[in-house]
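Engineer: A structural model of the following input is requested.
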Amino acid sequence: MKYILTFFFLCGFMKSLAQKKTIPFIDTKITIDGQFKESVWQQLPEYTGFYNYLPTDIGLAENQTSVKIFHNGEYLYVRAIYNDSTSETRVSTLKRDVSIAFSDAFIMILDTQNQEQNGYLFAVNSLGNQTDGLVGRANNGYDLSFSWNAIWQSEAVLNGNKKQYEIAIPLKSLNFNKENPVFGVQFYVRDIKNNSWTIFKNVKRNYANLDLRFTEKFAVESLPNIATSRFTLTPSITANYQEDVTNKTDETTFTPSVDLQYNLTSSLKLDATINPDFSQIDVDQQVTNLTRFAIFFPERRNFFLENADLFSNLGVDGVNPFYSRRIGAESTIQFGLKLSGNIAPKTRIGVLNVQTDEENETASQNFSAIVGEQQLSKNFSATAYLINRQETADFEFIDDYNRVTGINVNYKSDNNKWIGLANVGKSFNDGIDNKNSFYNLGIWYNQRGFRWNAGIKKVERNYLTDVGFTPRLFNYDAINDVVVREGYTQANAGIEYQKFYENSKTVNSVRYLNYRNNTYFDETGAFSQSSHFLNSAVFFKDLSALYYVFFYDDIDLKYGFDPLRNGNSLQPDRYRFGLLKLGYNSANNQKFRYRVNVQKGTYYSGKRTTAGAYMNYQLLPFANFELSYDVNHIDLNELGEETFHLTRLTSEIFFSNRLNWTTYIQYNTQRDNFNINSRLQWEYKPLSYIYFVVSDNFTQNLTRKNWGIAFKMNKRFDF
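Structural biologist: From the prediction side, this is the model:
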């Protein structure tokens, strides 16, 4: 009788777990080997019934995945089995923190605060390569950054047609709150061989598969008050030799630095850095810029990454009051402190302070930011912030400062079709007390096959953000060689209609209409510019695509513009010009992938012809090669004629999951630069690296400008 009662009790317990979707607490440890030999895996409920996401989002997946999950107070353990239709597997890389879009892989999203604001991504491809990153709320969706890293364990095993994944994530790496013991969880599987994505919680393809609004809610049993390990220390040393051939100078530097992270609570982290080495081991991808304004490049430096969305999401596209790459761009950073995370289930804060040194003619500066984010209700959240840049002398403040403050309100509807955003900001500088505001109002609607958006923003001329990114506020007059600051109002709108053909043998979907418009007015209300974007595309069953894009601009040019950079500037006048682009993208699940396009049209007072090609060849697991080439030919008649070439070759050689050799070769005639960057990278311990980097820069005529060799080593300690 006792055994019968025990049997029914266990059946009832397992049934309740299956219905409730729980991450149970079980006081046991397992060996991460992908074999699932421990008895605990037999005791847990199985989550399966994955849905199709791409190339179709109709019905259950033919190749199913089963997942089991639990924690022991120290680690979150996950077991996943993908039932493939073949024993073959394919991956695109053995380098850590590279997109898994082109590999067989298992991916997990964790919203550990269950607030749909920010979360984590953990992914393992079928050869055991790890990718982790941060998911953060953006204006009308979510962004993903691969720059964030954590130490976690994983193993992938190929067992016939089964792809087996076993994962252990330290709870200390996650922000969670014992008073809010619910995690938003999403699992999905990428099978590059049949070009499919399958997903645990059903999400339609008009939403991103990492959208935190569609996570499944898992109740977490017995969350600890605080993580077992609370302290991480990462010292590093960089030796750098640079020779400036043009000016006949050279310099050798040795830079020690220390990064520290301390878990004050399970959801609140303190980051500190002393004498940091923020040299870029990686290089920014060069672009051809034919606009009148600056280009945005993402942040990659470790100190700024934890809870980065708190600081980077304070504005809108083109108007952001905090752009961390401004800090340390002109002088050395002495130290930095950052406190970030949740202080209550619905309240998140970020406090940052960085001090830079005096360098040449650049004065020492103190940069600080205070951000508070509050979940007001299920539908509304608000963010308030204060950003300060202040000149210092021997740690005393000088009256040269720039301060920016503001508040943002976000709205999301219960049915997830509507998103709204309102922003109000104001800047303060000594002697400036008017025309210093920023306003924005935007709305987005999204349903399967149809979406639209509209918005309006106003940036006044004295809305100065020394630590921000507001490129359109500053107009360079190439005739008089001056920068003119001028406020503006921007109205934007867009509409997209796409139809899906589930029963067609050749066509997956057709994007019949994708139209966007941005119209600008100067601070007097006079017309300044209207930019139109019109696109249609046919997506075939293998997700290859044939498309066209038509660009049309109507510009009332107020200041001289020298797009050819030859000293002959376009005169202020009214210009109307358009460009037609035709292109084809091959299927993504081939070892050889490519994209090609041709463009032809007018450009201001002249003509423009453009062509581009991208090729990628995967010789995995040994190597990956990527080549892109763009050419822009511009003829401005009497002002001159120029052809800009931009080429980027990337070569990746993989000796193992932890040792790789990457070489970038970039040739950019617009910037008169031919750059070679070759890096040998060895992860000798988890998140402990040795880098050896050689960089060389030439003019487009292959005259050497400068070159250098760098050696960097860091070691991560967890206490």
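Engineer: how about the strands in the stretch 251-400 of the chain?
Structural biologist: Secondary structure of the stretch 251-400 of the chain, counting by DSSP state E, counting those that start in this stretch: strands at 268-274, 333-344, 347-356, 365-375, 380-393, 396-412.
Engineer: need those strands in TSV with distance to Y47, mean neighbour count and mean pLDDT, can you?
Structural biologist: Placement of C-beta: from N, CA and C, glycine included. Output for the strands of the stretch 251-400 of the chain, formatted as TSV (distance: least, CB to CB, whole Å; neighbours: other CB atoms under 10 Å; pLDDT from 0 to 100):
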stretch	distance to Y47	mean neighbour count	mean pLDDT
strand 268-274	30	19	90
strand 333-344	27	19	90
strand 347-356	29	20	93
strand 365-375	27	20	94
strand 380-393	29	18	94
strand 396-412	26	17	91
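Engineer: nearest to R190, out of the ones you listed?
Structural biologist: Each of the strands of the stretch 251-400 of the chain has some distance to R190 by CB to CB; the shortest is strand 396-412, at 27.0 Å.
Engineer: right, and the helix or strand after that closest one?
Structural biologist: Toward the C-terminal end, the helix or strand that comes next after strand 396-412 (DSSP states H and E) is strand 418-429.
Engineer: name the element T234 belongs to?
Structural biologist: Per DSSP H and E: strand 231-244 holds T234.
Engineer: check W707 too.
Structural biologist: Per DSSP H and E, the secondary structure element for W707 is strand 704-714.
Engineer: next, the buried residues of that strand.
Structural biologist: Applying a neighbour-count criterion of 16 or more other CB atoms under 10 Å, the buried positions in strand 704-714 are K705, N706, W707, G708, A710, K712, M713, N714.
Engineer: that one packs against which elements?
Structural biologist: Packing contacts for strand 704-714, counted by 3 or more CB pairs under 8 Å, 6 or more residues apart in numbering; DSSP states H and E, involve strand 231-244, strand 688-698.
Engineer: direction included, what does the shortest one pair up with?
Structural biologist: Read that as strand 688-698. Note on strand 688-698: by DSSP bridges, its sheet partners are strand 673-685 (antiparallel), strand 704-714 (antiparallel).
Engineer: what about the strand holding W707, average pLDDT?
Structural biologist: The average pLDDT for strand 704-714 rounds to 94.
Engineer: let's number from 19 now, not from 1
Structural biologist: Yep, numbering from 19; the last one is strand 722-732 now.
Engineer: got the angle for it vs strand 249-262?
Structural biologist: An angle of 160 degrees separates the directions of strand 722-732 and strand 249-262 when computed by axes from the mean of the first three to the mean of the last three CA atoms, to 10 degrees.
Engineer: so what strands line up beside the next helix or strand after strand 722-732?
Structural biologist: Once the chain leaves strand 722-732, the next helix or strand it forms, by DSSP H and E, is strand 735-736. Counting by DSSP bridges, the strands paired with strand 735-736 are strand 249-262 (antiparallel).
Engineer: would you mark the buried spots in stretch 65-74?
Structural biologist: Using 16+ other CB under 10 Å as the burial criterion, the residues of stretch 65-74 that qualify are Y65, F68, Y69, N70, Y71, L72, P73, T74.
Engineer: isn't the last one right next to E520, touching?
Structural biologist: To tie it back to what came earlier, the one meant is T74. Yes - the pair formed by T74 and E520 meets the contact definition of CB atoms under 8 Å, at 5.9 Å.
Engineer: quick one, what contacts the residue nearest to the spatial centre of the chain?
Structural biologist: Note on the chain: the residue nearest the mean C-alpha position is S163, at 3.4 Å, using CA atoms, centre = their mean. Taking CB atoms under 8 Å, 6 or more residues apart in numbering as the definition of contact, the neighbours of S163 are G151, L152, G154, P316, L323, A326.
Engineer: identify the bridge partners of it.
Structural biologist: When bridges are called by DSSP bridges, S163 pairs up with L152.
Engineer: same thing with P253?
Structural biologist: V276.
Engineer: now swap in G596 and tell me
Structural biologist: Y570.
Engineer: hmm, back to that, contacts for the strand holding W725 next, please.
Structural biologist: Residues outside strand 722-732 that contact it (CB under 8 Å, 6+ apart): 252-264, 295, 297, 299, 691, 706-717.
Engineer: just the buried ones from these, in ChimeraX syntax?
Structural biologist: With 16+ other CB under 10 Å as the criterion, this ChimeraX line picks the buried residues out of the contacts of strand 722-732:
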select :252,254,256,258,261,295,299,706,707,709,711,713,714,715,716
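Engineer: now do the helices in this structure.
Structural biologist: Here the chain has its helices, by DSSP state H, at 20-38, 58-61, 326-330.
Engineer: so who does L78 touch?
Structural biologist: G67, F68, Y69, N70 are the contacts of L78 under CB under 8 Å, 6+ apart.
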